[in-house]
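# Sharing a model that was predicted from the sequence below.
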Amino acid sequence: MLTVERYRRTRFWGLYEAGQLLCVTVYKKGAEAVKSRIERGTPAPPPPPPPSIETRPARPPARGCDRR
């Protein structure tokens, strides 16, 4: 059984399974979200692909490089 409780004597929240710490979050809402995701068995969404060279914005030329 998963439980959300204060982590030690801090302002953080811990997610525990049978007394064993699984994760620590800053907000209780975050701990509840992790708990529901674990209980549903839903994997985390995949990260977005890195931008390709064609879609990456062009870098503006550096200023002050034409000193002679």
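Right, received. Where do you want to start? The shown structure was predicted, so the numbers you read here are calculated from the model rather than taken from an experiment.
# quick one: low-confidence ranges for the protein?
53-58, 61, 64-68 (pLDDT under 70).
# Could you pull out the helices in this protein for me?
Remark: helices assigned in the chain by DSSP state H are 28-40.
# Please enumerate the strands of it.
2-6, 13-17, 20-25 (DSSP state E).
# Can you list the strands that the last one pairs with?
Each strand pairing with strand 20-25, determined using DSSP bridges, is listed with its direction: strand 13-17 (antiparallel).
# picking that back up, of the strands of the chain, which is nearest residue 32?
strand 2-6 (6.0 Å; CB to CB). Where C-beta positions appear, they are placed from N, C-alpha and C, glycine not excepted.
# For the closest one, buried residues please.
residue 4 (16 or more other CB atoms under 10 Å).
# Tell me which other helices or strands it touches.
Contacts defined by 3 or more CB pairs under 8 Å, 6 or more residues apart in numbering; DSSP states H and E place strand 2-6 against strand 13-17, helix 28-40.
# Give the buried residues for the last one.
Buried residues in helix 28-40, counting neighbours by 16+ other CB under 10 Å, are found at 30-31, 34-35.
# would CSV of those with distance to residue 49 be doable?
Listed next are the buried residues of helix 28-40 as CSV, based on distance: CB to CB, whole Å:
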residue, distance to residue 49
30, 26
31, 30
34, 25
35, 29
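# Figure out the length between the terminal residues of stretch 33-50.
Separation of the first and last residues of stretch 33-50 by CA to CA, to the nearest Å is 27 Å.
# Hmm, residue 15 is touching residue 31, no?
Yes. At 5.0 Å, residue 15 counts as touching residue 31 under the criterion of CB atoms under 8 Å.
# Overlap of the contact sets of those two?
4, 23, 25 (CB atoms under 8 Å, 6 or more residues apart in numbering).
# Tabulate the residues you listed in a markdown table, adding columns for distance to residue 10.
As requested, those are exported to a markdown table (distance: CB to CB, whole Å):
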| residue | distance to residue 10 |
| --- | --- |
| 4 | 14 |
| 23 | 14 |
| 25 | 11 |
